[in-house]
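> 3D, please:
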Amino acid sequence: MIWTGQGRPRRFEHRMIYADDRKRMTEKLKKRTEKKDAKSVEDKRKHDFHASFTSGNAHLNRKKTGNGTNFLFIAIVLTAILLAVLYVLS
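Numbering: from 1, shown residues only. Prediction:
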């Protein structure tokens with residue numbers, strides 16, 4: 001058909017009359033948010049249950065210290081400074 005000067009015919013576009021995709025999507029979103037809310041309530045209950053046993057024990061509530069990342073950073077910086085000084089002196 002292209003060689004005779006006529007363009008291509010329009011593509012067939014079928015729309016579902018009885019199906020509403022937006023309604024399905026909103027229902028899925030509602031279900032997903034309900035699940036998230038239920039999980040957050042359950043997590044809060046778990047935390048409250050755990051806190052009821054650990055509230056009297058101060059050693060369990062202490063803030064945990066770092067795992068030495070500050071020491072590693074200081075060691076790298078000091079090594080870099082030492083190398084720079086040795087490079088300048090040589």
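
> Give me the most central residue, this protein.
Closest residue to the average C-alpha location of the chain: K36 at 14.3 Å, with CA atoms, centre = their mean.

> which SS state does it fall under?
helix (DSSP: H, G, I helix; E, B strand; the rest coil).

> what about it, distance to E42?
Distance, K36 to E42, using CB to CB, to the nearest Å: 11 Å. Yep, even glycine has a C-beta here, placed from its N, CA and C like the rest.

> Backbone dihedrals for A19, please?
Dihedral angles phi and psi of A19 (degrees, to the nearest 10) take the values phi -110, psi 130.

> follow-up on the earlier one: residues in contact with the residue nearest to the centre of the chain?
Contacts for K36 (CB atoms under 8 Å, 6 or more residues apart in numbering) come out as none.

> can you give me the helices in the chain?
21-54, 58-61, 69-89 (DSSP state H).

> mean pLDDT lowest for which of the ones you listed?
Mean pLDDT is lowest for helix 58-61 among the helices of the chain, at a mean of 69.

> that older thread, could you save the helices of the chain as a markdown table and add columns showing distance to R11?
Output for the helices of the chain, formatted as a markdown table (distance: least, CB to CB, whole Å):
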| stretch | distance to R11 |
| --- | --- |
| helix 21-54 | 20 |
| helix 58-61 | 66 |
| helix 69-89 | 59 |
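
> Between those helices, which one is closest to R10.
helix 21-54 (22.5 Å; CB to CB).

> The closest one: how far from the chain's middle?
16 Å (CA atoms, centre = their mean, to the nearest Å).

> Stretch 77-90 now?
41 Å.

> burial count for E13?
5 (other CB atoms under 10 Å).

> Quick check on it: phi, psi?
phi -120, psi 110.
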